[in-house]
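> Just to be clear, the model below is a prediction. Sequence and coordinates:
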Amino acid sequence: MSVIQNIETIKTRMKDAWNAGDYGKFATYMEPGASEILKGWRLPAGCSMLDVACGAGQISILASRAGIDVTGVDIAPNSIDTARARAAREGLDARFDEGDAESLPYADETFDVVTTLVGAMFAPQPEKVAREFVRVCRPGGRMLMVNWTPEGFVGQMFKTLGRHVPPPSDVPPPVLWGNEEIVKERFGKSVSHI
């Protein structure tokens, strides 16, 4: 199997796994933390924000409530359906699309802010994710990521699990997005501050 075929197989399995559960229940657990993160970002009302790997909209819904022009994108259709239903119940004008973090379905330089809350880190080709963030973000815009770290609890859990169920050898561990030096390498000279 070629690397490309393997990546597509991994993406299909990821999509099936996310689609098999009810991420919306977990999303409500994450909302208090997402609220604090959003406050810390200090995004102005009216700015355009893309939330990549938005799940059930745990940060997108909060941002829309704050007057931010939100678009969320996720690989799992059931998460998108949940996010849309939540926005509709609250009368929010947020848009949610099915899509891939490695090939975002938006024009270049569309958004003032591109975000992800422990989501895009799971895409199997991180360099493509970094390129897509840069591509869809307007010049002078902001890219904001919340990722687990290799040293933190989740990183250590992944390490322990990996001893028993090895991850695919051609896919970097998601927690490497939590290493500042690696993030700098992935974005390269495309960004001015990390």
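Okay, I see it.
> Give me the contacts around the lowest-mean-pLDDT helix or strand in the chain.
Lowest on mean pLDDT, DSSP states H and E among the helices and strands of the chain sits helix 3-20, with a mean of 78. Applying C-beta atoms under 8 Å, 6 or more residues apart in numbering, the external contacts of helix 3-20 come out as 1, 74-79, 100, 122, 124-125, 168, 170-171. Every C-beta, even on glycine, is put in place using the N, C-alpha and C of the backbone.
> Please narrow those to those residing in helices.
77-79 (DSSP state H).
> Where neighbours are concerned, which of those has the most?
residue 79 (27 neighbours; other C-beta atoms under 10 Å).
> State the distance from that one to residue 138.
Using C-beta to C-beta, to the nearest Å, residue 79 is found at 26 Å from residue 138.
> first to last residue in stretch 133-141, what's the distance?
Using C-alpha to C-alpha, to the nearest Å, one end of stretch 133-141 lies 10 Å from the other.
> Same check on stretch 131-149?
21 Å.
> buried sites along it?
Buried residues in stretch 131-149, defined by neighbour count with 16 or more other C-beta atoms under 10 Å: 131-134, 136-137, 141-148.
> same deal with stretch 41-48?
Result for stretch 41-48 [16+ other C-beta under 10 Å]: buried residues 41, 43, 47-48.
> Any idea how far apart the tips of that stretch sit?
14 Å.
> if we can go back for a sec, which one of the buried residues of stretch 41-48 is nearest residue 88?
The nearest member of the buried residues of stretch 41-48 to residue 88, counting by C-beta to C-beta, is residue 48 at 20.2 Å.
> and the gap between that closest one and residue 125?
Taken as C-beta to C-beta, the span from residue 48 to residue 125 is 25 Å.
> Before I go, just wanted to say thanks for your time.
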